[in-house]
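> Here is my input; please provide its structure:
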Amino acid sequence: MTFLHQACLQRDRRENVALHLLGESTTLSYGALDATSLTLALHLQAIGVGKGARIAVLSGLSAEFVVALLAVSRCGAAFSPIDTSLRGSSLSSLLERLRPDAVITTEANVQRAVNVLGERFSMFVFSGRSFYAQEAALWG
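Residues are numbered from 1 along each chain as shown. This is a model prediction of the structure:
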């Protein structure tokens, strides 16, 4: 069985081929995509994310979205993209049904995630080309 991250990253690292994402000026080499998604996957695994876990990704279609997708695939967890245009009760209802084990988001969406899910979940926030883990309670 080939996992998504394996299929996407089956490139010769020596090639330094760039991945261009539609609608963005962001360019990532496959090596950078591999390294960043591996780092995020290791952080997710450190909090117990593995097979059967549910990860909500509240991010538009972006480089961060691709990194999150590959990181979650590396963990064997379920990737649940959340439409960033959802507001209010629609977003609340979806996240309450999903009951994610962790949330991956961008700085622009942190407060929305905290408002809906409260303070008892693990959150990883993208900031530029890196990310950080943050306790939701510290955002309030």
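> can we go C-alpha only for contacts and neighbour counts from here?
OK.
> Which pLDDT does the model give the residue nearest the centre of the chain?
The residue lying closest to the centre of the chain (CA atoms, centre = their mean) is Ala68, at 3.0 Å. For Ala68, the model assigns a pLDDT of 92.
> just Phe126 next, same as before
As predicted, Phe126 sits at a pLDDT of 80.
> And it, how close does it get to Thr36?
From Phe126 over to Thr36 the distance is 11 Å, taken as CA to CA, to the nearest Å.
> cool, Pro81 as well?
According to CA to CA, Pro81 and Thr36 sit 19 Å apart.
> Neighbour count: these two, which is higher?
Per other CA atoms under 10 Å, whichever of Pro81 and Thr36 has more neighbours is Thr36, with 21 against 17.
> ok, for that one, nearest residue in space, not its chain neighbours?
Closest residue to Thr36 apart from its sequence neighbours, by CA to CA, 6 or more residues apart in numbering: Val67 at 6.8 Å.
> what's the offset of the longest helix seen in the chain from the middle of its chain?
Scanning the chain for the helix with the most residues, using DSSP state H, yields helix 30-46. Mean-position distance between helix 30-46 and its chain equals 10 Å (CA atoms, centre = their mean, to the nearest Å).
> again, but for stretch 39-52
For stretch 39-52, the gap between its own C-alpha mean and the chain's C-alpha mean amounts to 11 Å (CA atoms, centre = their mean).
> tell me which residues of that stretch are tucked away?
Going by neighbour count (16 or more other CA atoms under 10 Å), the buried part of stretch 39-52 is Thr39, Leu40, Ala41, Leu42, His43, Leu44, Gln45, Val49, Gly50.
> Okay, and the nearest residue to the third one once chain neighbours are set aside sits in which element?
Leaving aside its sequence neighbours, Ala41 sits nearest to Ala71 (CA to CA, 6+ apart; 4.5 Å). With the criterion set as DSSP states H and E, the secondary-structure element containing Ala71 is helix 63-75.
> Give the partner strands of the following helix or strand past that helix in its sheet and their orientations.
Next helix or strand after helix 63-75 toward the C-terminus (DSSP H and E): strand 78-82. According to DSSP bridges, strand 78-82 forms sheet pairs with strand 54-58 (parallel).
> Beta-bridge partners for the residue lying closest to Ile82 once chain neighbours are set aside, please?
Leaving aside its sequence neighbours, Ile82 sits nearest to Leu58 (CA to CA, 6+ apart; 5.0 Å). Counting by DSSP bridges, Leu58 is bridged to Ile82, Thr105.
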